[in-house]
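> just need the structure, nothing else, for what follows:
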Amino acid sequence: MLRRVRQSLRQVLFLMARRPGLVCGGALVLGVLLVLAVTLTCSRAKDVVAAARPPVRFFSTEAPVVDLYMGQVDQAERIRGVAEVSLIFFYAPWCAHSMAARQEVQQVAKKLAKQVQFVAVNCWWSQGKCRKQRRFYQYPVIHLFYRRFGPIEYTGPVMAPYVESFVLRVITPLTYLPSRATLRDFLSNHDPGVVGFFQFNSSPQPPGYITYLSSALQALKRDFRGMVRFGVVTSSQVAEAIAVKEDETVYLHRRFNSSLIFPRRERNFTSDAICSWVFEHRETVLQWLQPPGTKSRLLEQELTKGPALLLFLPHNPLGSKPNPTLQQIADIAVRYHSCGNNNQSGGSSLSHALCCQSMVLPGSAAAAGTSVCELCLNLTRPGLSGASRRCSFPSAAQGGAVLQSYLKHCCLHQPLASGSIRTATVVACSNVLSNYSPFGQYSACCRQKEPQLNESSSQADKASDSQGIPLATPSSSSILPSSVPDQEGGGITGLRCQTNKTLRFYVLDVALNWPLAVRLGAPSNRSASSPRETRPQGDESGDWSFAAIVNLKDEVHYVLQCSPTATLTESLEAFIRNFSAPYSPLQRHLVGEEENRKEASPKHDEAAPRPLITELTTSSFLPSVMDLQKDVLLFYYTPWCGFCSALNHVIIQLARLFQGNGTITVARVNVARNDLPWEFMVDHVPSILLFPRYRKHLSVKFPEDMRITLPNLVHFLLQHSGSAQHADTSVKASSGGEAPGPSALLRAEFLALQSEVHALHRARERLSQQLTQLWRDNRRLTFNTRALEAQNAELQLEKQSLEEQHREKSRQLGEAVRRLQELADTSESLLNENTLLRVLLRALKDRTEVTEEVDGKEGEQRRNRMAS
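Numbering: from 1, shown residues only. Below you'll find the model as predicted:
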């Protein structure tokens with residue numbers, strides 16, 4: 001074959017050498033053929049990827065949103081430059097998060113369309129400018145612009161209330177403070193407050209005002225909730241209340257330390273510098289947490305700082321009034337962090353008040369003890385000179401209505417019940433009016449007066465009622481027991497500096513983070529145990545949801561159990577005090593304990609068969625494992641562990657092998673759903689531990705270097721079982737105390753195996769009986785099947801005969817119908833002929849009558865002629 005190929009090649013080369021033109025022609029022909037082949041191949045090839053469809057509108061035409069679905073980012077920039085405040089929504093049409101956020105943005109746009117310009121840009125279309133110029137790694141992305149400042153990216157939950165609240169903060173980043181009252185209310189909030197003093201006398205806008213406004217917008221970039229509030233003062237008289245005299249001054253109000261003024265000589269007066277300075281020196285007693293709902297390390301970063309008090313509260317971002325529950329918690333946090341600076345807290349500031357007046361609270365019961373509010377004039381407040389420090393209270397005509405309004409906020413605590421007046425006659429004082437502000441003129445403290453004191457002062461009460469203010473006996477030098485409970489350890493004022501377990505207060509929105517609360521121990525069924533039902537009795541400040549203390553270092557967390565007779569403030573204070581105690585009386589909450597209690601049935605069936613493998617939970621772990629009468633082989637597993645699933649058949653075989661032995665229990669526990677005590681935890685799964693009978697303190701772990709097989713497990717169980725040791729002890733006692741050595745263990749193993757063999761024999765006998773019964777049942781079923789088959793055959797024959805009869809009857813009925821149809825047609829034709837005959841007869845009759853009349857007339861004429 002090779003020889004022939006070589007010969008043909010030689011002939012071709014010889015011809016090409018003799019005729020060079022043939023070589024050029026052949027090469028040309030081959031080149032043309034190659035080009036044709038390539039052209040045909042490429043023309044027949046089809047595109048694998050189809051062309052992208054042109055984009056369409058993402059928002060509806062009715063929504064007040066400019067939808068730039070072609071990705072015209074330049075047009076969005078032009079619209080942004082014209083509008084005062086604009087919101088740009090970058091989306092991808094295929095993104096489910098963008099689709100979900102579309103409805104929320106539409107709701108906000110319908111409300112704020114007159115104030116904000118809403119623009120949506122498709123940043124996914126490959127031919128659009130947005131895709132080429134912007135690089136977004138997730139969708140949707142919301143940017144807000146205030147005039148030329150921006151973008152301010154919104155990082156909160158894409159829900160209509162939150163987005164609307166953020167947009168409103170961008171619209172009004174500064175709060176105007178025209179008077180001292182508004183300034184006092186502004187600084188009385190628990191959130192950090194920044195005040196800027198700018199005089200608008202010389203120019204419409206002072207030079208530093210735009211910078212201060214930009215710093216307020218810069219703060220929104222860091223915190224979308226706007227916890228740091230910025231205010232502006234234009235009056236020098238109002239600025240003197242906070243000791244600010246110079247123009248273009250930025251004042252940071254702090255409660256625990258001295259307030260600060262922005263150092264313009266040390267730092268540049270820029271928006272970034274002001275914002276960084278504020279966030280660096282602010283004091284935060286309550287911090288909002290917003291986990292993104294995906295994998296993140298936000299909670300880990302906060303919980304690793306130390307013990308944390310997590311409060312899950314209902315939150316309304318658009319609420320015009322502050323949440324009363326949040327205000328109470330903020331007051332507790334302020335008193336908890338008040339270390340060595342108690343003059344701003346509620347109790348100690350009252351010690352400086354030397355001018356007091358007792359006022360009876362409206363609606364107090366005289367029989368059980370009258371609730372009295374000690375209202376004192378703060379003589380040490382700023383702005384009072386020595387000459388003006390007089391002990392004087394306004395009368396009903398001058399300022400009685402003002403004092404009446406103060407009485408509404410006198411006490412945080414509710415009056416004690418009648419049964420508790422004997423043991424505690426004084427309620428903790430609360431300086432509500434000057435808790436967070438140095439401008440409070442009055443301070444208040446609540447206490448209980450005994451009935452005999454009320455009787456002695458009845459005349460003064462009547463006299464005070466006539467004036468409109470319930471005044472008791474005046475006392476200009478009464479010393480209030482305001483700080484006694486706190487100083488004696490009954491309160492939590494300054495507790496942060498008295499313990500090493502310092503708490504950090506975190507607040508979470510219960511509507512967004514309820515799964516986390518359920519994981520920490522909240523009731524999973526909110527309908528059965530709603531926050532309204534679980535809040536403390538008598539607390540009308542709001543919906544109480546859930547609270548827990550998490551200590552990540554000690555790997556424990558505690559759940560607040562509200563008492564039905566305690567208020568929210570009392571419950572939280574007791575919860576914090578118990579945690580801060582050197583020997584905390586709080587019980588560690590174990591995950592899975594409540595669920596297992598709910599799933600457990602109240603009645604146990606004694607005749608129920610013993611399970612093959614006992615499934616242990618948090619509540620049933622210790623009673624089952626520490627049973628002295630049984631050897632417990634415990635298998636630790638998790639649902640996500642693949643090796644645990646692969647070992648299930650081995651554990652099942654082992655359980656079947658020892659099923660007849662009542663002293664050996666094979667159990668397992670899911671460590672991912674059940675918290676266990678520390679001494680029973682393992683470092684990895686799968687793990688196997690044996691808790692021997694009568695020797696629970698000598699638990700043995702299955703060797704890690706040994707394969708988990710059925711023979712190895714049987715050998716491990718028989719070697720370390722407490723039953724073998726008990727048998728060894730009985731053998732020693734029977735032999736007079738002589739140590740038999742290894743023979744006792746072998747004998748015990750032999751006896752155990754013998755008992756297992758007997759159990760297997762009994763199981764085989766039961767199995768044979770069951771098989772015999774099954775064989776009988778099968779035989780009976782076979783006979784029944786045959787009888788049913790015979791009946792079925794008979795029924796089939798009857799069915800065939802009935803079908804033939806049906807067909808015959810149907811044929812006869814069809815024939816009868818055909819004949820009836822023929823008769824009907826014949827009768828119809830006869831009726832038609834009859835009708836025609838009647839018509840003919842009528843016509844003949846009429847003609848005959850006409851003929852007779854004509855003949856009669858002619859005869860008369862003839863007679864007349866003949867007569868004439």
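> need the helices for the stretch 151-300 of the chain, in chain order.
For the stretch 151-300 of the chain, the helices defined by DSSP state H, counting those that start in this stretch occupy 160-171, 180-188, 207-222, 236-239, 271-281, 298-303.
> let's have those in JSON lines, adding mean neighbour count and distance to R779.
All C-beta atoms are positioned from the backbone trio N, CA, C, and that covers glycine. Output for those, formatted as JSON lines (neighbours: other Cβ atoms under 10 Å; distance: least, Cβ to Cβ, whole Å):
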{"stretch": "helix 160-171", "mean neighbour count": "20", "distance to R779": "72"}
{"stretch": "helix 180-188", "mean neighbour count": "18", "distance to R779": "90"}
{"stretch": "helix 207-222", "mean neighbour count": "20", "distance to R779": "83"}
{"stretch": "helix 236-239", "mean neighbour count": "16", "distance to R779": "103"}
{"stretch": "helix 271-281", "mean neighbour count": "18", "distance to R779": "86"}
{"stretch": "helix 298-303", "mean neighbour count": "14", "distance to R779": "66"}
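> is it true that H281 touches S259?
No - counting by Cβ atoms under 8 Å, H281 stays clear of S259, with 9.6 Å between them.
> the helix or strand in which G859 is found packs against which elements?
For G859, the element it lies in under DSSP states H and E is helix 742-867. With contacts defined as 3 or more Cβ pairs under 8 Å, 6 or more residues apart in numbering; DSSP states H and E, the packing partners of helix 742-867 are helix 722-734.
> now the helix it packs on: average pLDDT?
Mean pLDDT, helix 722-734: 53.
> also stretch 11-29?
pLDDT averaged over stretch 11-29 gives 71.
> that one: end-to-end distance?
Taking Cα to Cα, to the nearest Å as the measure, stretch 11-29 stretches 20 Å from start to finish.
> mind listing residues that contact the helix or strand where I651 lies?
When elements are assigned from DSSP H and E, I651 belongs to helix 648-657. Helix 648-657 has contacts (Cβ atoms under 8 Å, 6 or more residues apart in numbering) with 612-613, 633, 635, 666, 668, 708-710, 713-714, 717, 756.
> tell me the buried residues within those residues.
Buried subset of the contacts of helix 648-657 (neighbour count, 16 or more other Cβ atoms under 10 Å): 613, 633, 635, 666, 668, 708, 713-714, 717, 756.
> out of those residues, which sit inside strands?
633, 635, 666, 668 (DSSP state E).
> of the residues you listed, closest to V105?
For these, the residue nearest V105 by Cβ to Cβ is R668; the value is 49.9 Å.
> R3 looks like it's in a helix, true?
Yes - per DSSP: H, G, I helix; E, B strand; the rest coil, R3 lies within a helix segment.
> distance of it from F14?
When distance is defined by Cβ to Cβ, to the nearest Å, R3 is 16 Å away from F14.
> so which of the two has more stuff around it?
When neighbours are counted by other Cβ atoms under 10 Å, R3 and F14 differ, and F14 comes out ahead with 10 against 7.
> report the secondary structure state of that one.
helix.
> can you tell me the SS state at R496?
helix.
> re the thing from before, could you tell me which residues touch both of H281 and S259?
In contact with both H281 and S259: L252, using Cβ under 8 Å, 6+ apart.
> in this structure I708 contacts P686, no?
Yes - I708 is within contact range of P686, at 7.3 Å (criterion: Cβ under 8 Å).
> what do the two both touch?
Common neighbours of I708 and P686 (Cβ under 8 Å, 6+ apart) are L647.
> any chance you could map the helices in the stretch 501-650 of the chain?
514-520, 531-534, 568-580, 593-599, 621-625, 642-646, 648-657.
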